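Enquirer: task: produce atomic coordinates for the following.
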Amino acid sequence: MTGKLMEKNPAWRGGRVKHSSGYIRIKLRRDDPYFPMADKQGYVFEHRLVLAHQFGRCLTHREVVHHANVDRDDNRAEVLEVHTNAEHTHIHHPRQTVYKACSWCGRINGYRPWQIVQNKTGHFFCNRREGALYQHGHRKKTTLVES
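Expert: Sure thing, here's the model as predicted:
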């Protein structure tokens with residue numbers, strides 16, 4: 001092997017590099033007890049390593065570390081939290097319910113923002129109308145009566 005490893009390499013910068021996503025990565029030795037958390041190149045994200053040291057064990061791939069202060073460079077244990085992937089998703093994308101009245105039947109339902117689709121005239125229709133339009137595999141002609 002011609003390449004020098006880590007500290008013996010003249011290009012060694014301490015093994016602490018910034019990832020393109022903004023998180024800091026640390027190079028670990030193969031004999032490090034936290035090496036199972038590392039990627040193929042031997043790097044582990046610093047925020048995951050900080051909490052692993054605090055817990056005294058490796059974090060599993062199902063444990064997601066969240067920066068409570070949203071600063072990716074701040075890896076103090078006080079600002080880091082461990083969550084499941086679902087919990088972490090809810091932190092960044094809280095559920096929002098939008099209540100809309102159907103232009104066809106008048107029924108008010110709660111919808112997620114991505115479920116709301118309006119037609120070109122700006123009217124919103126609930127699934128009851130869609131079910132009526134597509135009964136028996138064909139679309140019925142209906143007219144919209146403005147009130």
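Enquirer: mind checking the end-to-end distance for stretch 77-96?
Expert: With Cα to Cα, to the nearest Å as the measure, stretch 77-96 spans 30 Å from end to end.
Enquirer: neighbouring contacts of it?
Expert: For stretch 77-96, contacts defined as Cβ atoms under 8 Å, 6 or more residues apart in numbering pick out 47, 50-51, 54, 59, 62-69, 71, 112-113. For every residue, glycine as well, the C-beta is placed using N, CA and C.
Enquirer: could you give the mean pLDDT of it?
Expert: When the per-residue pLDDT values of stretch 77-96 are averaged, the result is 86.
Enquirer: quick check: buried residues in that stretch?
Expert: Buried positions in stretch 77-96, judged by neighbour count with 16 or more other Cβ atoms under 10 Å: Leu80, Val82, His88.
Enquirer: quick one, phi/psi of the first one?
Expert: In other words, Leu80. phi -110, psi 140 (degrees, to the nearest 10).
Enquirer: tell me the one of the buried residues of stretch 77-96 nearest His19?
Expert: Ranked by distance to His19 (Cβ to Cβ), these are led by Leu80 at 16.5 Å.
Enquirer: name the helix or strand for the residue positioned nearest the centre of the chain, please.
Expert: Nearest to the geometric centre of the chain sits Thr89, at 4.9 Å (Cα atoms, centre = their mean). When elements are defined using DSSP states H and E, Thr89 is found to belong to helix 85-92.
Enquirer: circling back to that earlier point, can you flag the buried ones in the contacts of stretch 77-96?
Expert: With burial judged by 16+ other Cβ under 10 Å, the buried subset of these is His47, Val50, Leu51, Leu59, Glu63, Val64, Val65, His67.
Enquirer: what is the nearest of the residues you listed to Val17?
Expert: When the buried ones among the contacts of stretch 77-96 are compared for distance to Val17, the smallest value, 14.2 Å, is given by His47; criterion: Cβ to Cβ.
Enquirer: thank you kindly, that will do.
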